[in-house]
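Engineer: Got a sequence here, can you model it:
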Amino acid sequence: MPVIRVFAGSDGAAAAAAVMGAMAVKLSQPVAAPDSSLASRPEKAQTKNPHQLTRDQHVFPHRTMLRFADAKGGVDLHDLVRNTVRRTSARDVTFCARRAWDQRAEAGYMRETEKAFQSFAATIVDGGVATVATDQVATVTRMYALWYIRSRYRAIEAQEIKLNGLKGHSLTKAEEEQLEKESRAFIRDGGLIPARQLNGLEIEQRMNAFHEQLSYIDRWGVIRPQSGEFIVPDVSNRTIIPISPVIALVAGAPDGQISEGNLADINSAVRQDSVAYFFARDISACPF
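Structural biologist: Numbering: from 1, shown residues only. You can find the predicted model right below:
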């Protein structure tokens with residue numbers, strides 16, 4: 001269970017109980033279906049963003065995306081809504097949630113999960129390691145769980161949620177951002193809490209629960225195609241994590257090479273799972 005630090009003054013106990021009550025309601029519901037059309041306009045940070053709060057939050061790890069990028073930082077984006085392909089930056093906001101979770105989540109458990117995964121993935125991409133050792137299986141599985149859940153909670157329908165029975169506090173924008181930087185939740189006048197704070201908590205708890213569900217995974221195979229390249233979906237539905245255009249980690253699979261036909265089957269299935277887009281280093285190099 002995550003530790004929740006709430007700025008609430010004399011209402012501390014009531015505020016913490018209200019937050020936990022709201023979380024209990026959220027967690028009693030099924031995992032959300034991905035639907036970016038529900039996204040409301042994100043709250044703006046102060047001018048010049050003095051607390052360096054992350055506003056564009058990558059759903060698929062940005063460091064992994066950069067392995068798909070060319071020298072100019074570009075990737076191919078297939079927009080399924082418009083049925084178009086365009087060359088764009090790996091920093092394109094299409095790949096990002098727009099302040100959908102709080103800084104506690106972004107700079108805390110998400111960063112820790114990605115850091116552990118990236119440190120290991122780099123050893124495979126660089127050729128220093130050829131297999132996922134037993135003691136690294138949980139690191140990969142946890143990253144997959146984060147990606148899976150994050151891709152389903154990248155949009156928040158309303159920017160504030162009312163907690164009944166609380167008055168809240170009148171805080172300036174600067175005070176709110178300082179609290180968020182300190183990983184502390186806060187409740188505004190009228191008992192309103194920023195939805196991103198609850199979303200960050202929900203993602204964490206659902207990620208932990210899903211990680212437990214995936215405990216049956218005892219190996220991740222390092223898969224390389226004989227020819228062709230992998231695509232990456234916007235929504236993860238299969239236990240496959242591409243870590244470069246020509247390397248993917250696949251749960252339960254043995255290490256080794258696959259044929260171009262096998263790769264086409266994987267890419268076709270991943271394309272079918274995608275909701276709004278998928279991307280690749282060069283889509284023309286990706287068989288379907």
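
Engineer: going forward, measure contacts and count neighbours with C-alpha atoms only.
Structural biologist: Noted.

Engineer: okay, now the closest residue to L198 other than its chain neighbours: neighbour count?
Structural biologist: Once flanking residues are discounted, L198 sits nearest to M23: 7.0 Å by C-alpha to C-alpha, 6 or more residues apart in numbering. M23: 16 surrounding residues under other C-alpha atoms under 10 Å.

Engineer: gap between M23 and E202?
Structural biologist: From M23 over to E202 the distance is 7 Å, taken as C-alpha to C-alpha, to the nearest Å.

Engineer: check contacts around the residue nearest to L198.
Structural biologist: L198, L201, E202 (C-alpha atoms under 8 Å, 6 or more residues apart in numbering).

Engineer: Tell me the first helix or strand C-terminal of the stretch of helix or strand it belongs to.
Structural biologist: Assigned by DSSP states H and E, M23 belongs to helix 12-27. Next helix or strand after helix 12-27 toward the C-terminus (DSSP H and E): strand 56-58.

Engineer: what lines up beside that next one in the sheet?
Structural biologist: Strand 56-58 pairs in its sheet with strand 96-98 (antiparallel), by DSSP bridges.

Engineer: quick revisit: show me the contacts of M23 that map onto strands.
Structural biologist: The members of the contacts of M23 all map outside strands under DSSP state E.

Engineer: which among these gets closest to I247?
Structural biologist: Nearest to I247 among the contacts of M23: E202, at 31.1 Å, using C-alpha to C-alpha.

Engineer: if I look at the closest one, how far off is R184?
Structural biologist: E202 is 15 Å from R184, by C-alpha to C-alpha.

Engineer: Equivalent analysis for D255, please.
Structural biologist: In terms of C-alpha to C-alpha, D255 sits 43 Å off from R184.

Engineer: same check, this time on A39
Structural biologist: 24 Å.

Engineer: what do you get for E114?
Structural biologist: On the measure of C-alpha to C-alpha, E114 and R184 end up 22 Å apart.

Engineer: So for those two, which sits in the more crowded spot?
Structural biologist: Neighbours were counted for E114 and for R184 using other C-alpha under 10 Å; E114 has more, 23 against 18.

Engineer: That one and F60 touch, don't they?
Structural biologist: No: E114 is beyond contact range of F60, at 9.9 Å (criterion: C-alpha atoms under 8 Å).

Engineer: And the contacts of stretch 107-119?
Structural biologist: Residues outside stretch 107-119 that contact it (C-alpha under 8 Å, 6+ apart): P61, R63, T64, T139, V140, R142, M143, L146, E204.

Engineer: ok, now stretch 190-197?
Structural biologist: By C-alpha under 8 Å, 6+ apart, the surrounding residues in contact with stretch 190-197 are 99-102, 156, 158-168, 185-187.

Engineer: Having no further points to raise, I will conclude here.
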